[in-house]
Structures are given as C-alpha cells and as structure tokens.
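> Sequence and predicted structure, then a few things I'm wondering about:
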Number of protein chains: 2
Amino acid sequence: MKQRRRKRLTADEYAQGILAGDRIILSRAITLIESALPEDNELAETVLEKVLPQTGNSLRIGITGVPGVGKSTFIESFGKQLTSIGKKVAVLTVDPSSQLSKGSILGDKTRMEELAHDPLAYIRPSASGSALGGVNAKTRESMLLCEAAGFEAIIIETVGVGQSETTVHGLVDFFLLLMLAGAGDELQGIKRGIMEMADTIAITKADGDNLKQSKMAQREYKNALHLFPPSETEWYPKVLTCSSLEKTGLDKIWETIVEYESHMKTKGFFNRKRQKQNLNWMHETIHQQLEQRFYHHPAVNKQMSTMEQDVMNGEQVAIKAAKQLLELYFKS
Amino acid sequence: MKQRRRKRLTADEYAQGILAGDRIILSRAITLIESALPEDNELAETVLEKVLPQTGNSLRIGITGVPGVGKSTFIESFGKQLTSIGKKVAVLTVDPSSQLSKGSILGDKTRMEELAHDPLAYIRPSASGSALGGVNAKTRESMLLCEAAGFEAIIIETVGVGQSETTVHGLVDFFLLLMLAGAGDELQGIKRGIMEMADTIAITKADGDNLKQSKMAQREYKNALHLFPPSETEWYPKVLTCSSLEKTGLDKIWETIVEYESHMKTKGFFNRKRQKQNLNWMHETIHQQLEQRFYHHPAVNKQMSTMEQDVMNGEQVAIKAAKQLLELYFKS
C-alpha cells in the first residue's frame, strides 16, 4: 500500500469506479461524501449526480434494536444468509459508537469478521458528520453510492434508543425491529413509537433454553400488533423468531422482506414511499439549513439561553420570545 | 345585544376582565388572539403577558379519538361530572370541522348543549388560523387565557386522524385516548403512534349489549400496553371503560387523572414536562416562521414545484435541489 497522499480522482473516475463495483473507489467516494470540506462536498455532489440514474435498484433494509439484542451477530448471520443465495449485500452502520472509527474503513468490520471477508459483502461504518444534512443525508448518499455499485440489499443498522431510527425509517423500504424474549426489563431503553414503525419484529436468540420463551414472546407480540391500527398499505407486520447462533429463521426473514416488497409493489406503495422519502429529504435539508443559520447567528446566539430560561420558567410568553429572536435575526 | 361595533378594549381592560372571570371578555380576547391582523396580534400579546402570572393552575387534558367514538358526548358527560364536584371546566375544540364556526362563540356548543348551559363550564371552538404558530399557538394561548380566567380543568379536543393530536399532546398534561370495543374496523383511521402517546385509554360506549365486549377489549388493551416500553416517568397507562349514556366510569377517569397529576408532581415530571412544552413552543414558533419566510419567498416559490417533481422522480439529488433553493433564498 502506498503511503504517500493518493491522487485526487475526478468526478468521472469516481463514477466509473463505482459503477464498475470497485470497492476501494466506493469507499473513497463515501469518505468524500462524509468530508466537511466545501470543495469535497461539491465534488461529492457531482459524483452523486453522475451515478444517480443507476441507483434505486436495491432493497433498503433498516435494522434496529437495543444494545444486547445481538444486532451485529444478527446482521452477520443474516448477511451471510443473503450472500449464500447470491445476493450482493452492503451494510451501513449509523451506530453512534462507530463515530470512533470515523473515516476509517475498518471499525465495525471487526464486529462482523466473517461477513467482512465475504466477496459479495461490503461493510461500512457511517461517520456521523453534521454538515449539510448530518447523519441523515450522509447515510442516504452512501446508500445511493452502494446501489450504484451494484449492491442488491443495503442494510442500515441503528441503535433503537435515540433519534436515529426515525431518520433511518425515512431512508429504507423495510424496517426490521429486533427484540429479545421476555417483555420485562429488556424493553427498557427502546424508544416509544418504534414498535409501530416496524414492518416486522424478529425475536433474536430463539435457541436452546431460550426457545420456549421466544415462542411465547412471539405470540404475545402478535396479539399486541393485532391491536395496532393497520397502516394504509395494508401490510400487517409479522413477528418472527430467529437464532444467529443456530442460523435458524433467517431464511424466513428474507422471505418476509421479499413478500413485503412484492406486496408494496403490487399496491403501488413501494415507489410512492420512496418518492415521499426523497421529497422529505429535500425539505429536511432545507429546514436544517434554515435552522443552522438562525441558531448560529451571533445576535440570536447571544440572547438564546436567557430567552430559553425565561420561557421555561414561564416568565416570558414563548411566542413573544420567538418573535424577539426572529427580529434580531432578520434585522441584521 | 348591541348591533353596532363594539368599543375596542385596552389591554388592561382585557386583562382585568379575564382575571375577574368575565366570559364575554374572555371570548373576545380569544377572538383577538385568533385574529390575523397585526395590530390585534400585538394587543393580544400584551394581554397575554399581563395575565401570564395567573396561568398554569389548571389541569390540561387532551382528548382524542376517531369520529364515531363519541367524543362530544363523552366530553359533555365528563365535563358535567367535573362540574358536579365543583370544578370549573373549559373546553377548547381544535376539531377541523369547527373551522366552519370560526370566530363564532356558537358552533360546537350545540353539540354539548347541557354542558354549555352549566354555569361552571365554558366551551369554545378554536379557530384554526395559520398566522404565527397556527392552531398550535392559538390553542395554547387560548388555554392560557382560560387558566387566567380561573378554569381548573381545560379540555382540549382533537380528532385522532391528523397531525393535530401530536400538537395537542405537546400542549397538555394528560392525554386521553378514546377507543371503541372491537379491535377491527373501528381502528381504521386512528393514526399510528397515538396509542403510545396516551396516558390513559378509555373504552367508550361500555353499556348494554356492548358491555361484555368492552370489558374484553379492556383486557386486550391492557395486555398490549404492557408490552410497550415504559416511559421515563414510570407512569403506566391505564385502560378504563365508561359509558356517557349511563354516566358510568367517568368518576374513575377523573380519579385516574388526579392520580396521574400526583404521580407526576411527586416525581418532579409535571413541571419539567411543562417547561419542555414551553421551550418547544418557542422553538416551533421560530421554525414555523423561518419556513414560512422561505417557502413564501417569490424566487423559491417559483422554482419549488419543478424541484419537487425532479426530486420525487429521482432526476435530481434532494440535497442538491435543497442547496439550489437555499441559494435563491439567501442571495436575494
């Protein structure tokens, strides 16, 4: 490996490399996308534009679950399941812990060593930048590049405790929630509302002594989901069990995803959902930028914490405080 | 009643009238708040500021449920239940259908005739303006005026199908979801995520032939809620049954609300929730204003639909479209 600074590629070189499925160029392109430098941003956008017509042909799968549910092990086994039937799989992690490996192409790879060495698989820890769009846009763009590189299934991993799963839900076609058997303490930490986002729930570690309990949990969740209002797509979330250790139930999860895709496509919801996601992406980017400019404005910034304190304590009407801050912003 | 134009009151006259519990002045003040005229807005804000120290002393209760669940009948019976124990009750509706009676003090009143004639009750259909803050801010300000006028329980009604219940959830201390027995078609139309917002679910029309089914539904929902992740407040949503016809279960609902209040106050969550709501109110007002300015900007407005179309069809990267629109906005 060369130690000297690599030659900067042109947009065409990036695009051609990506479209040819060159992983090294793909990785460099993702790094470019994650860069905070304005000149990198511009180049990244040009690359993205060039490959855009070749995107959209994968199944985008979001996977979430609290730490301890066995996400990495599941993704590794599930990824292997897909490559075993010849599918090209890319895994993007937006796990906050992967911030540590920012910009590196190692990081999470060590967690999924077997999958990482699979020639049909590609694993990439997503750095969580905060430039135009933050995690959201970066992950979405990385996903598009992976699609252009020919990956047929893109797995986006997130932890089920913060804001990120709402973001990921807005990126993917299918949202899989991993759960553990036992509806007690294990649920602690899962954010409210996530269960209603899930297109399917998979109960992990359904093996050995845990099998009976997992089957029971499956019945319980089935009953619970039955009480949820159905979505307009008329897709009824399934509850499945699986074991990453014994490699059981993984085929059934893939079958369910394929069934979901076909259901959504027949009903016309598949593309409509993606169109809506694209539109949301644009508007979210706009909102983020408008807010960033406002909140970083020196005069606004200076007053903000006093205003917040007054409003919180009920000493100032929120709407009036807002107006005053807006005046500061628009008048300078 | 005088037919000629009423004399314009001063901010002090408004404030004094409201604090004295004068309903006519309260109604006029709410109309003032809902007004789209800038000079009214300014006067309304001054009034609000003057009465602000006298607000915050009510229990704010949000009630939602799909059409057909019997919301009006429930609120009437529940309101009467509260006035029967001496509580002063104000009802604000943000039901979209009440837009028809915008500015009028009639409208929804006819739906709750008995309660409307109760000297301890005050019913006001909230007009849904779209000026600074929209329904959100208007309803919140109306609520504050009602508090200043001495009402001890403020009921805010909304239909459970749109965006409004999220807004109302951000306004109230306690969120009550009305449901019908039978987990089938009745659920159609309820927005996903609402169930997880509810502090209590009440199954309505639990009377006559429907009683047995309602008790069964109660058990089912209890089991389902048990599977939900607990909130950080450690309040476990209750599932109750009631009949507006036979006036049963209404006392139990009020007891539950009181129990909730005491739970939240003991744990310190009551005020923390209100502080957070105040802060959100300020930031939401800011976001709305920033967006309004942006989306109404002539150059942006002119390009918007083309951009949206291109982004939806995947012909343009969302992030690039956003950037172009932002440039148009900031450069002129």
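Ah, there it is.

> Give me the residue at the spatial middle of chain A.
In chain A, the residue lying closest to the centroid (Cα atoms, centre = their mean) is A:V168, at 3.6 Å.

> can you tell me the helix or strand for it?
Here A:V168, judged by DSSP states H and E, is contained in helix A:164-169.

> residues making contact with the helix or strand just after that helix?
If you walk from helix A:164-169 toward the C-terminus, the next helix or strand you reach (DSSP H and E) is strand A:174-179. Strand A:174-179 is contacted from outside by A:59-65, A:69-71, A:74, A:160, A:168-169, A:186, A:190, A:194-195, A:197-204, A:217, A:221, A:253, A:257, A:260-261, using Cβ atoms under 8 Å, 6 or more residues apart in numbering or on different chains. For every residue, glycine as well, the C-beta is placed using N, CA and C.

> Format the CA atom coordinates belonging to stretch A:282-301 as CSV.
Extracted C-alpha coordinates of stretch A:282-301, given in CSV (Å, rounded to 0.1, in the frame of the first residue of the first chain):
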residue,chain,number,x,y,z
MET,A,282,-35.1,17.8,0.3
HIS,A,283,-37.3,19.6,2.8
GLU,A,284,-35.4,18.3,5.8
THR,A,285,-32.2,19.6,4.3
ILE,A,286,-33.8,23.0,3.8
HIS,A,287,-35.1,23.0,7.4
GLN,A,288,-31.8,22.0,8.8
GLN,A,289,-30.0,24.8,6.9
LEU,A,290,-32.5,27.4,7.8
GLU,A,291,-32.2,26.5,11.5
GLN,A,292,-28.5,26.2,11.4
ARG,A,293,-28.2,29.8,10.0
PHE,A,294,-30.6,31.1,12.6
TYR,A,295,-29.2,29.4,15.7
HIS,A,296,-25.6,30.2,14.7
HIS,A,297,-26.4,33.9,14.1
PRO,A,298,-24.3,35.8,16.6
ALA,A,299,-27.1,38.1,17.9
VAL,A,300,-29.5,35.3,18.2
ASN,A,301,-26.9,33.0,19.8
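
> Which positions within it qualify as buried?
Going by neighbour count (16 or more other Cβ atoms under 10 Å in any protein chain shown), the buried part of stretch A:282-301 is A:M282, A:H283, A:E284, A:T285, A:I286, A:Q288, A:Q289, A:L290, A:F294, A:H297, A:V300.

> Now narrow these to whatever sits close to chain B.
A:M282, A:H283, A:T285, A:I286, A:Q289, A:L290, A:F294 (Cβ under 8 Å from any Cβ of the partner chain).

> Output the residues you listed as a markdown table; include the columns pLDDT, secondary structure and distance to A:Q81.
As requested, these are arranged in a markdown table below (pLDDT from 0 to 100; DSSP: H, G, I helix; E, B strand; the rest coil; distance: Cβ to Cβ, whole Å):
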| residue | pLDDT | secondary structure | distance to A:Q81 |
| --- | --- | --- | --- |
| A:M282 | 92 | helix | 35 |
| A:H283 | 93 | helix | 36 |
| A:T285 | 88 | helix | 35 |
| A:I286 | 93 | helix | 40 |
| A:Q289 | 89 | helix | 41 |
| A:L290 | 94 | helix | 43 |
| A:F294 | 95 | helix | 47 |
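
> now those residues as CSV including distance to B:T83?
Below are these laid out as CSV (distance: Cβ to Cβ, whole Å):
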residue, distance to B:T83
A:M282, 51
A:H283, 45
A:T285, 51
A:I286, 48
A:Q289, 51
A:L290, 46
A:F294, 45
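
> Could you tell me the end-to-end distance of stretch A:59-74?
18 Å (Cα to Cα, to the nearest Å).

> Can you mark which positions in that stretch are buried?
A:59-66, A:69-74.

> and these, which two are the farthest apart?
A:L59 and A:V66 (24.3 Å; Cβ to Cβ).

> can you give me the helices in the stretch 51-200 of chain A?
A:71-84, A:113-116, A:134-148, A:164-169 (DSSP state H, counting those that start in this stretch).

> Which strands or helices does the longest one pack on?
Yep, that's helix A:134-148 we're talking about. helix A:11-19, helix A:23-34, helix A:38-51, strand A:89-93, strand A:121-125, strand A:153-159, helix A:164-169, helix A:269-295 (3 or more Cβ pairs under 8 Å, 6 or more residues apart in numbering or on different chains; DSSP states H and E).

> hey, which helix or strand in chain A has the poorest pLDDT?
helix A:164-169 (a mean of 75; mean pLDDT, DSSP states H and E).

> number of nearby residues for A:F228?
A count of nearby residues for A:F228, using other Cβ atoms under 10 Å in any protein chain shown, gives 20.

> contacting residues for the nearest residue to it once chain neighbours are set aside?
Leaving aside its chain neighbours, A:F228 sits nearest to A:E196 (6.0 Å; criterion: Cβ to Cβ, 6 or more residues apart in numbering or on different chains). Neighbouring residues of A:E196 by Cβ under 8 Å, 6+ apart: A:F228, B:R192, B:G193, B:M195, B:E196.

> Mean neighbour count, the helices and strands packed on helix A:134-148: which tops it?
The highest mean neighbour count among the helices and strands packed on helix A:134-148, using mean count of other Cβ atoms under 10 Å in any protein chain shown, belongs to strand A:89-93: a mean of 27.

> mind listing what it pairs with, with the direction of each?
strand A:121-125 (parallel), strand A:153-159 (parallel) (DSSP bridges).

> Comparing these by mean pLDDT, which bottoms out?
The minimum mean pLDDT among the strands paired with strand A:89-93 belongs to strand A:153-159 (a mean of 88).

> Domain boundaries for chain A, per the record?
Under automatic domain parsing, the residue ranges defining each domain of chain A are A:1-54, A:55-267, A:281-331.
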